[in-house]
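Chemist: output the structure for:
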Amino acid sequence: MASSWTWKKAIKVGAAAATAGGGGCALLYLTSVYNSDRKKEQVQQKLAASGLNKRPSKPLPTRADQLNSLANEQFDVLIIGGGATGSGCALDAASRGLKTAMVEYDDFSSGTSSRSTKLIHGGVRYLQKAIMNLDIEQYKMVKEALHERANLLEIAPHLSFPLPIMLPVYKWWQLPYFWAGIKAYDLVSGGDCLKSSYILSKSRALELFPMLKKNELKGAIVYYDGMHNDARMNISIAISAVRLGATVANHVKVVDLIKTDGIVSGAKVRNQLTGEEFSIKAKSVINATGPFTDSIRKMDDGQTRDIVCPSAGIHIMLPDYYSPSNMGLLDPATSDGRVIFFLPWQGLTIAGTTDTPCPVTNSPGPSESDIQFILSEVKNYLTPDIDVRRGDVLSAWAGIRPLVKDPNAGDTASLVRNHVVHVSDSKMVTIAGGKWTTYRAMAAETVDEAVEAAQLGVGPSMTDGLLLEGAHNWAPTMFIRLVQDLGVDTAVAQHLSDTYGDRAFSVGKMAGLTGQRWPIVGRRIHQEFPYIDAEVRYAVKEYAATAVDVIARRLRLSFLNVQAAEEALPIVVSIMADELGWDKEEQDKQTEDAMDFLRMQMGKDLNKASRDNIPVSLTKAEIAEYVKRFNALDDGKKGYISINDIRKSLKSQGEEVTGQQIHELLNELDANHNGQVEVEEYLQMMSAIKSGTVSHSRFAKMAEMDYKSKKYGEHMERSGGGV
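Modeler: Here you go, the predicted model:
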């Protein structure tokens, strides 16, 4: 009774706070909606008149064609950096009719742009600060981000969608406080509001998010932000620029700037894949290199001061059972004051992020302390029924946020809250800072500055409302046509539709026969994920040039599950070798580079170290049991288990596995890489499973079943699926 009364009282307080001056708020909201709708109508009329939103039909030029153009033609603008902002600049410039070039040191979105929290958001925390501090600049920043959020969901509906995010409340006073703040977020969104926020009782919150901690939960508030596949979005922006005539190339490094009469007029570059060097001539140069901003600025002026303050944000991937498939969670105040998001993404759960000062590097990696911090915070919000285990971390990665100081400000210690566009004395334009959501607005402002600095004489930006690659003829039901017309299975069809939009048919038509009754085409490169062989071939057409380009940015496999990425790697390399003509030496190099990437940047080494470093904490009875299992596998009592022992055991259990799968089983435990498993390594693994540092092991399950079959006889009733 008391609880019900308190709940109703909290609702009334919140309603009173939210509706104070209700007439004025309603008028403000309706005016905002009207103005937003009117602006969208004008934008669509302008794009229709320009013809920019027609679906391009010409094939993409090859990477060789692009490199040849870069070396032999002169451009109006050269963009350095192929992340979200750089690609956005390329699209903006090309849509204005400028002859545009863009080069990227690694791959499109290989840096910060592929390592985000995957949210397209206005910044609910920034709005709180704007209101509390009466900060009009902060308010304008949120307002702009909310418009860009809505625009991104409209121009790439196949890649982005509204996601409900739950804010659990464990103190009564927080209900009206948070509710008023979230409603203000809706109000400021106006016509760009995705969906209206709402409040939930405790029982309803637990129904929608059953993993949530029940004790002391009072209720929850749900609001909406956008979510997307960040790397694919980035690549789509770059490809859209190419469709409008831009010349782009990844794996091309700027080694120096070219100046004519003191004005930057191009760049000397190196093809990172061949070592060939050449020059690119341009009337204007834009530096959009994110964390590497200062290295390019110093090429322009060796005395210029650094403006980037790099900060690492760590994310981890967890299994799907950690969150509902259609609801995220926000922890607004962690133990150290940071914010943690807990979100469903690509069929799994993403958790992050941290915010730690770091050096600028091409290969940022996660730290064990940050992984443990995130797991600890996750544990605080989930029911004790869920054992939050280190072994459930499928992958972990770090992204470098390029926080910036304003080079025009006298105070070098002050960080800007948004972004900075700066034109140097030599007319090089630098764009730094900002966030994923506002990439388009940042790009438009940057190209405006480049047009003015180089006197290029073109009109304003045309990218507001400009559809991205795959969006033109896409519909949510397109996957059904893919199933019916091509013969791919439903999960694969849904994935192709949501990744490539209306280009999914072009991808599907490249798929090979499966040799099965169903699906007819589309051989999966890993049985746990809907990625198929055709995507690797299509990735090459979209300028993927290394195995890492595919497993990290085109398929997202390394971000989702580092072990699955390793297992799929031989197939990826084999298909790319067919497409690109790699010999055995190049295939080995690609495999080695990809494994280095998985070990250092995707958390594979940390996952292994967390298992290997844990002390053996087994009881005497457990040790005795596991030694019996080990000895049962050790044919001939050699003191170790070999590949032949594994093969013999699996054959006796009726399991048909490949040589590669047998090697994978052995490698789970073979810590010293001597091709055999000693009893110490086996006990180490069993201890790691017991502690939760490792979630499961195929080798351990095989040893258990082998021992039981020998102990109880060949006709033992079996359950489960073997290895």
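
Chemist: and the residue nearest to Thr293 when sequence neighbours are not counted, how far from Gly290?
Modeler: The shortest distance from Thr293 to any residue that is not its chain neighbour, by C-beta to C-beta, 6 or more residues apart in numbering, is 4.5 Å, and that residue is Ala432. Yep, even glycine has a C-beta here, placed from its N, CA and C like the rest. If you measure Ala432 against Gly290 using C-beta to C-beta, to the nearest Å, the figure is 7 Å.

Chemist: of these two, who's got more company?
Modeler: Ala432 (29 against 26; other C-beta atoms under 10 Å).

Chemist: was I right about the more buried one contacting His419?
Modeler: Yes - counting by C-beta atoms under 8 Å, His419 is a contact partner of Ala432 at 6.6 Å.

Chemist: between those two, which contacts overlap?
Modeler: Counting by C-beta atoms under 8 Å, 6 or more residues apart in numbering, the contacts common to Ala432 and His419 are Val404.

Chemist: what is the strand or helix carrying Arg440 packed up against?
Modeler: With elements taken from DSSP states H and E, the one containing Arg440 is helix 439-454. When contacts are defined as 3 or more C-beta pairs under 8 Å, 6 or more residues apart in numbering; DSSP states H and E, helix 439-454 packs onto strand 74-80, helix 84-95, helix 136-155, strand 277-287, strand 419-423, strand 429-433.

Chemist: the fifth one pairs with which strands, and in what direction?
Modeler: In this case it means strand 419-423. Sheet partners assigned to strand 419-423 using DSSP bridges are listed as strand 429-433 (antiparallel).

Chemist: distance between the strand it pairs with and the chain's centre?
Modeler: Using C-alpha atoms, centre = their mean, to the nearest Å, the mean C-alpha position of strand 429-433 is found 22 Å from that of the whole chain.

Chemist: and stretch 580-593, by the same measure?
Modeler: 26 Å.

Chemist: which residues touch it?
Modeler: With C-beta under 8 Å, 6+ apart as the test, stretch 580-593 has contacts from Val540, Ala545, Thr546, Ala547, Val548, Leu569, Pro570, Val573, Ser574, Met576, Ala577.

Chemist: list the buried residues in that stretch.
Modeler: By 16 or more other C-beta atoms under 10 Å, the buried positions in stretch 580-593 come out as Trp582, Gln587, Gln590, Thr591.

Chemist: I'd like the distance between the second one and Arg517.
Modeler: Counting by C-beta to C-beta, the separation of Gln587 from Arg517 is 33 Å.

Chemist: just the last one next, same as before
Modeler: Summarising the geometry, the distance separating Thr591 from Arg517, computed by C-beta to C-beta, is 33 Å.

Chemist: now do the contacts for Ala577.
Modeler: Going by C-beta under 8 Å, 6+ apart, Ala577 touches Asp583, Glu586, Gln587.

Chemist: repeat the analysis, applying 7 Å as the threshold.
Modeler: For Ala577, the set of contacting residues under the criterion of C-beta atoms under 7 Å, 6 or more residues apart in numbering consists of Gln587.

Chemist: okay, it: pLDDT?
Modeler: You'll see Ala577 listed with a pLDDT of 98.

Chemist: quick one: secondary structure of it?
Modeler: Here Ala577 is recorded as helix under DSSP: H, G, I helix; E, B strand; the rest coil.

Chemist: quick check: it vs Glu535, distance?
Modeler: With C-beta to C-beta as the criterion, Ala577 and Glu535 are 16 Å apart.

Chemist: can you check Lys711 too?
Modeler: For Lys711 relative to Glu535 (C-beta to C-beta), the value is 46 Å.

Chemist: wait, Asn561 touches Ser395, no?
Modeler: Yes - proximity of Asn561 to Ser395 meets the contact threshold set by C-beta atoms under 7 Å, at 5.9 Å.

Chemist: of these two, who's got more company?
Modeler: In this comparison of Asn561 against Ser395, neighbours counted by other C-beta under 10 Å, the higher total goes to Ser395 at 27 against 21.

Chemist: the more buried one pairs with what?
Modeler: When bridges are called by DSSP bridges, Ser395 pairs up with Met317.

Chemist: check what pLDDT it gets.
Modeler: Reading off the model, Ser395 has pLDDT 97.

Chemist: same deal with Leu28?
Modeler: Reported pLDDT at Leu28 in the predicted model: 55.

Chemist: same check, this time on Asp406
Modeler: According to the model, Asp406 scores 77 on pLDDT.

Chemist: quick one on the thing from earlier: got TSV for the contacts of stretch 580-593, with secondary structure too?
Modeler: Conversion of these to TSV gives the following (three-state DSSP):
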residue	secondary structure
Val540	helix
Ala545	coil
Thr546	coil
Ala547	helix
Val548	helix
Leu569	helix
Pro570	helix
Val573	helix
Ser574	helix
Met576	helix
Ala577	helix
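
Chemist: quick check: the farthest pair among the residues you listed?
Modeler: Ala545 and Pro570 (18.4 Å; C-beta to C-beta).

Chemist: those two: which has the busier surroundings?
Modeler: For the pair Ala545 and Pro570, the greater number of neighbours falls to Ala545 (19 against 14), based on other C-beta under 10 Å.

Chemist: hang on, isn't the more buried one packed against Asn271?
Modeler: No - if you go by C-beta under 7 Å, Ala545 and Asn271 don't touch, sitting 10.1 Å apart.

Chemist: quick check: neighbours shared by those two?
Modeler: Common neighbours of Ala545 and Asn271, counting by C-beta under 7 Å, 6+ apart, are His251.

Chemist: picking that back up, so how far is the helix holding Arg440 from its chain's centroid?
Modeler: Taking C-alpha atoms, centre = their mean, one finds helix 439-454 lying 26 Å from the centre of the chain it belongs to.

Chemist: beyond that helix, next helix or strand please.
Modeler: On the C-terminal side of helix 439-454, the closest following helix or strand by DSSP H and E is helix 478-486.

Chemist: so which bits of the helix or strand just after that following helix are buried?
Modeler: On the C-terminal side of helix 478-486, the closest following helix or strand by DSSP H and E is helix 490-500. Using 16+ other C-beta under 10 Å as the burial criterion, the residues of helix 490-500 that qualify are Ala491, Val492, Ala493, Gln494, His495, Leu496, Ser497, Asp498, Thr499, Tyr500.

Chemist: how about the contacts made by the second one?
Modeler: Residues in contact with Val492, defined by C-beta under 7 Å, 6+ apart, are Pro519, Gly522, Pro530, Ile532.

Chemist: how far away is the second one from Pro530?
Modeler: To tie it back to what came earlier, the one meant is Gly522. Separation of Gly522 from Pro530 (C-beta to C-beta) stands at 9 Å.

Chemist: higher neighbour count, the two?
Modeler: Neighbours were tallied for Gly522 and for Pro530 using other C-beta under 10 Å; the higher tally belongs to Gly522 (28 against 23).

Chemist: A strand includes His315, no?
Modeler: Yes - under the criterion used here (three-state DSSP), His315 sits inside a strand.

Chemist: is it true that Tyr500 touches Val507?
Modeler: Yes - using C-beta under 7 Å, Tyr500 and Val507 qualify as a contacting pair, with a distance of 5.3 Å.

Chemist: the strands in the stretch 551-700 of the chain, which residues?
Modeler: All strands of the stretch 551-700 of the chain, identified by DSSP state E, counting those that start in this stretch, fall at 640-641, 677-678.

Chemist: hmm, back to that, and the contacts of Val492, which two are the farthest apart?
Modeler: Comparing the members of the contacts of Val492, the greatest separation, given C-beta to C-beta, is between Pro519 and Pro530, at 10.7 Å.
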